[in-house]
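J.: Fold the following.
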Amino acid sequence: MELLSLEKALESTCKAYVDKFKVCKDASFILKGDLIEIKISRPIIAEALKRLTEKGFPPVFCPYANVIVAVLEDITGSSYDIKSIESIGA
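T.: This next block holds a predicted model:
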């Protein structure tokens, strides 16, 4: 897949999170070789996940990451793996 197409898919998904679906304050990405770093600021699900974790229910997935992987796989026809998910300041 062309790098430009990959960037457009990521830009479109990040924009949809913020402007269309309003599920976070900001979303951005950085391409680092074969690694895609996604940053989601102030996700609306963060508080619910925090409360579940405090009650002993660890989160088993990140819906934001899963959507991005699904979009990229659909557009590119390639397989993507989530290597890690980090919560920063949530």
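J.: Give me the next element, helix or strand, following the helix or strand bottoming out on mean pLDDT in the chain.
T.: In the chain, no helix or strand scores lower on mean pLDDT, DSSP states H and E than helix 46-54, which sits at a mean of 74. As assigned by DSSP states H and E, the chain's next helix or strand after helix 46-54 is helix 63-76.
J.: Can you give the contact residues for that next one?
T.: Helix 63-76 has contacts (Cβ atoms under 8 Å, 6 or more residues apart in numbering) with 1, 5-6, 9-10, 13, 17, 23-24, 27, 36, 38, 40, 43, 45, 78-82, 85. All C-beta atoms are positioned from the backbone trio N, CA, C, and that covers glycine.
J.: let's see 7 Å
T.: For helix 63-76, the external contacting residues (Cβ atoms under 7 Å, 6 or more residues apart in numbering) are 1, 6, 9, 13, 17, 38, 40, 43, 45, 79-80, 82, 85.
J.: neighbouring contacts of stretch 79-90?
T.: Contacts for stretch 79-90 (Cβ under 7 Å, 6+ apart): 46, 50, 62, 65, 69, 72-73.
J.: quick one: which of those is nearest to residue 32?
T.: residue 72 (15.2 Å; Cβ to Cβ).
J.: Starting from residue 81, give me the distance back to that closest one.
T.: According to Cβ to Cβ, to the nearest Å, residue 72 and residue 81 sit 11 Å apart.
J.: Show me which of these two is the more surrounded one.
T.: residue 72 (19 against 5; other Cβ atoms under 10 Å).
J.: Residue 28: what's it in contact with?
T.: Residue 28 neighbours (Cβ under 7 Å, 6+ apart): 14, 39.
J.: In a strand, it, correct?
T.: Yes: when DSSP: H, G, I helix; E, B strand; the rest coil is applied, residue 28 is found to be in a strand.
J.: So what sits opposite it in the bridge?
T.: Under DSSP bridges, the beta-bridge partners of residue 28 are residue 39.
J.: so how far is residue 25 from residue 79?
T.: Using Cβ to Cβ, residue 79 is found at 30 Å from residue 25.
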